[in-house]
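*Asks:* This is a predicted model, with the sequence first.
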Amino acid sequence: RREIGEVLLAQILGRRLDDPVLDLALSLDEAIAPGLGRLGAVPLDLDVVGTLRGLPSLSPRSLQETLRTLQAAGGKLDVTRARLSQGDIVATGTGRLGLSPRGALDGELQLVVVNADKLLPLLGVDQLVNQLLPQATRDRLAPGLDRLVPGLGNVLRGGGGGGAPSADALGPSTELEGKRAVKLPLRFSDGAVLLGPFKVGQLAPFY
């Protein structure tokens, strides 16, 4: 199910109409995101606040025309805060997003995640690597993978003994909403969703 709570666009005061800068707020309740595999199969809540730059003007256009114009002008969305929650997994992120020539998402977000040890299996990272590499090879590559995504090597080793990896092993420790959390990078490349070197999903183009 998908319910749009609110989508707000407001021009920042002091900008010309032919060079607008827009504040944007998006809220989705119980949304489904099939492109994110098991994570997207269960309803999640998403709130995003950001600033959109690069739209040449506020001339009336359809949504697809607006997105095409934005991409052609090299427009970007600076995400000042994004918050996703699904059960006891909570993630916030900041970063910059844009569109590829075919209208798919490009950019990168720096995430802070509560219960990150439950997030990676939902994204299918462990299964993907298990299918591609034997255990001996995973053990050998784990230290290098830890440098790409801190703690990823521990996931591939099986959590250091067959169980789920601890949150401390997944990345630099921090705190979010009073709970222990870790930092992880999430990248979008022409719609592909990548966590470190691994593709964990594919989002459809917007036009």
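*Replies:* Looks like it came in fine.
*Asks:* what about residue 178, how many neighbours?
*Replies:* 7 (other Cβ atoms under 10 Å). In this view, the C-beta of every residue, glycine as well, is placed from N, C-alpha and C.
*Asks:* Please apply the same query to residue 61.
*Replies:* 14.
*Asks:* That one belongs to a strand?
*Replies:* No - counting by DSSP: H, G, I helix; E, B strand; the rest coil, one finds residue 61 to be coil, located in no strand.
*Asks:* quick one, what contacts the residue lying closest to it once chain neighbours are set aside?
*Replies:* Leaving aside its chain neighbours, residue 61 sits nearest to residue 69 (6.6 Å; criterion: Cβ to Cβ, 6 or more residues apart in numbering). Remark: with contacts taken as Cβ atoms under 8 Å, 6 or more residues apart in numbering, residue 69 is in contact with 55, 56, 61.
*Asks:* what's residue 98 in contact with, if anything?
*Replies:* 71, 74, 75, 76, 77, 105, 106, 107.
*Asks:* let's see it at 6 Å
*Replies:* With contacts defined as Cβ atoms under 6 Å, 6 or more residues apart in numbering, residue 98 is in contact with 76, 106, 107.
*Asks:* what bridges to it?
*Replies:* Listed beta-bridge partners, residue 98: residue 106 (assigned using DSSP bridges).
*Asks:* what's the closest non-adjacent residue to residue 46?
*Replies:* If the residues on either side of it in the chain are set aside, residue 46 comes closest to residue 28, at 4.4 Å by Cβ to Cβ, 6+ apart.
*Asks:* ok so the one you found is a strand residue?
*Replies:* Yes - counting by three-state DSSP, one finds residue 28 located in a strand.
*Asks:* and residue 69, what helix or strand is that in?
*Replies:* Per DSSP states H and E, residue 69 falls inside helix 63-72.
*Asks:* The helix or strand that that helix is followed by - contacts with which helices or strands?
*Replies:* Per DSSP H and E, the first helix or strand lying C-terminal to helix 63-72 is strand 76-86. On a contact count with 3 or more Cβ pairs under 6 Å, 6 or more residues apart in numbering; DSSP states H and E, strand 76-86 meets strand 44-53, strand 89-99.
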